[in-house]
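> Prediction below, plus the sequence it came from.
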Amino acid sequence: NDLYAVVGNPISHSKSPRIHSLFAQQTGEAVEYTAIQAPLDDFAGTVRHFFERGGKGLNVTVPFKEQAWTLAGHRTHRAELAGAANTLYLDQENRLVADNTDGVGIVRDLRDNHGVSLSGARLLILGAGGAVRGVLGPLLDEQPGGLVIANRTVTRAEALARLFARENRAIPLSACGFEQVAGPFDVVINGTSASLKGDLPPVPADVIGANTVVYDMMYSLQTTTFNQWALDHGARRVFDGLGMLVEQAAESFCVWRGVHPETSTVIEELRTD
Ligand code: ATR
């Protein structure tokens, strides 16, 4: 079997080994997929060792995605824009290549799994960290009618808006603090890590209208704090990030194996695990 793994710290709760073994079963690909906890001070050594012993591909998660991007000698265009990598492999010349499948993951989940059209939609994204930068390119590729990036630290939102405005001159892009956002929006995406601490980004409730679709990039067994808040303020539909997690995994699997697994049964299985 060809060897793949996810690298992070901590890593024991990662769902990636389960997801990829379901993909391998389903597609009949000879894939073995494990989880590796890299020491915080030696991500590079862990990656080198993995490929030296014949490993074929890595997924990378918290806190190493930026390091993975820096380490790679070659980056796909979408990884370049994302500023972080969640997928690594060696190309035919044995160069380490960095890719990022997170953005494709959220777009496929919204558009294909949930039937939410982003084309022409007024989009609000909360947060301006690595997770948000990772998905902005593919979201903008869907040609939303406009995009507002709101963040606690406004300068970080402004920096992202400037960076992505260069490649997307036709789409109105703006940045502001949470309190300044004026709604309602068609789609609101929470990309802050506030919910990890049970916090809510303090956006005015009028960002949510009767037709607003809300997507929390986090996932949990119960409705997330942000999604509950959105439902309480009348959101039409709310989704968490489980589908995105499976979709980014499917895209990585396809980058490595050339086969795109079917995702809906895998999402269902994970939901009931
Ligand atoms: P990630 O990889 O998850 O994006 P990050 O780069 O540290 O991690 O970014 C975390 C994001 O969540 C940032 O947008 C952060 O806001 P700041 O840029 O102002 O730090 C946001 N965030 C974290 N905790 C938050 C909280 N309690 N309330 C609101 N926003 C929060």
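Okay, I see it.
> domains for the chain, by residue range?
If you go by automatic domain parsing, the domain ranges for the chain are 2-100+243-272, 106-240.
> okay if I get those domains as TSV plus mean pLDDT and mean neighbour count?
Where C-beta positions appear, they are placed from N, C-alpha and C, glycine not excepted. As requested, the domains of the chain are exported to TSV (pLDDT from 0 to 100; neighbours: other C-beta atoms under 10 Å):
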stretch	mean pLDDT	mean neighbour count
domain 2-100+243-272	97	18
domain 106-240	96	18
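> Relative to the ligand, which of these is closest?
Of all those, domain 106-240 sits nearest to the ligand, with 2.0 Å by C-beta to the nearest ligand atom.
> Name the residues of the stretch 1-150 of the chain found near the ligand, please.
Residues of the stretch 1-150 of the chain lying near the ligand by C-beta under 6 Å from any ligand atom: 127, 128, 129, 130, 131, 132.
> correct me, but residue 32 touches residue 17?
No: look at residue 32 against residue 17 with C-beta atoms under 8 Å: they stay out of range, at 9.6 Å.
> For the closest residue to residue 231 other than its chain neighbours, grab phi and psi.
Using C-beta to C-beta, 6 or more residues apart in numbering and skipping residues adjacent in sequence, the residue nearest residue 231 is residue 238, 5.8 Å away. Residue 238 adopts backbone torsions of phi -130, psi 140, taken as degrees, to the nearest 10.
> OK, contacts around residue 238?
Residue 238 sits next to 213, 214, 215, 216, 223, 227, 230, 231 when contact means C-beta atoms under 8 Å, 6 or more residues apart in numbering.
> again, only this time at 6 Å
Listed by C-beta atoms under 6 Å, 6 or more residues apart in numbering, the contact set of residue 238 reads 214, 227, 230, 231.
> which ones are touching the first one?
What it means is residue 214. 188, 230, 235, 238.
> To which secondary structure element type does it belong?
Classification of residue 214 using DSSP: H, G, I helix; E, B strand; the rest coil returns strand.
> measure residue 264 to residue 114 for me?
Per C-beta to C-beta, to the nearest Å, residue 264 is found 11 Å from residue 114.
> what residues are shared contacts of those two?
In terms of C-beta under 6 Å, 6+ apart, residue 264 and residue 114 are not both contacted by any residue.
> May I have the beta-bridge partners of the nearest residue to residue 75 once chain neighbours are set aside?
Counting by C-beta to C-beta, 6+ apart, residue 75 lies nearest to residue 98, which is 4.7 Å off, once chain neighbours are set aside. Bridge pairing for residue 98 (DSSP bridges) gives the partners residue 75, residue 88.
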